[in-house]
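*Asks:* Okay, here's the prediction I keep looking at, along with the sequence it came from:
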Amino acid sequence: MRANVYLHFNGKCAAAFKFYEQCLNAKVAMTMTYGDSPAAAVHPELRDAVMHTRLVVGDTLIMGCDAPADRYSKPQGFTVALNTEDPAEVDRVFNALVVGGTVTMPLQETFWAKRFGMLVDQFGIAWMVNCEKAP
């Protein structure tokens, strides 16, 4: 079994995943719009919106969609956590993701990490980036 993150957006999914692809050196593996699916008949106003997309980040996936207006709620109560063994990569990813967003905890050394920081990106998604210290 594998658990993956699924993010909901309010019309900004394609832009967010293009941004994440660049920030995370990842690859969007597929994208389907509502117009490309049988859902086009149910949600004609969403014809060009993303019904489902999948980003490959290392050996994990981040998935997402543009939620219909009656099913969308502002992201809260979760954080996407990224971990790497390379402190320089933490710095690079943090600085890329925070463009247009807000730092909620500056990058720094902590008692558990060589580098750790928290932010909310320009799309309203909360992130933590972490490079743990050796146990």
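*Replies:* Sure thing, it's come through.

*Asks:* Pop the domain breakdown of this structure in here.
*Replies:* 5-71, 80-132 (automatic domain parsing).

*Asks:* Quick check: end-to-end length of the longest one?
*Replies:* Distances were taken as C-alpha to C-alpha, to the nearest Å; on that basis the terminal residues of domain 5-71 are 17 Å apart.

*Asks:* can you give me the end-to-end distance of stretch 42-52?
*Replies:* 15 Å.

*Asks:* in it, what's buried?
*Replies:* By 16 or more other C-beta atoms under 10 Å, the buried positions in stretch 42-52 come out as 43, 46, 49-52. (Glycine included, C-beta is placed from N, CA and C.)

*Asks:* ok, which pair from the residues you listed is furthest apart?
*Replies:* 43 and 52 (13.1 Å; C-beta to C-beta).

*Asks:* what's the burial count for residue 117?
*Replies:* Neighbour count for residue 117, taken as other C-beta atoms under 10 Å: 23.

*Asks:* ok, so of the buried residues of stretch 42-52, who is nearest residue 135?
*Replies:* Nearest member of the buried residues of stretch 42-52 to residue 135, counting by C-beta to C-beta, is residue 52, at 38.4 Å.

*Asks:* hang on, the earlier thing: ok, of the buried residues of stretch 42-52, which one's closest to residue 25?
*Replies:* residue 50 (21.1 Å).

*Asks:* Would you quantify the distance from the nearest residue to the closest one once chain neighbours are set aside to residue 110?
*Replies:* Nearest residue to residue 50, sequence neighbours excluded (C-beta to C-beta, 6 or more residues apart in numbering): residue 13, at 3.9 Å. The gap separating residue 13 from residue 110 is 32 Å, by C-beta to C-beta, to the nearest Å.

*Asks:* cool, residue 97 as well?
*Replies:* In terms of C-beta to C-beta, residue 97 sits 19 Å off from residue 110.
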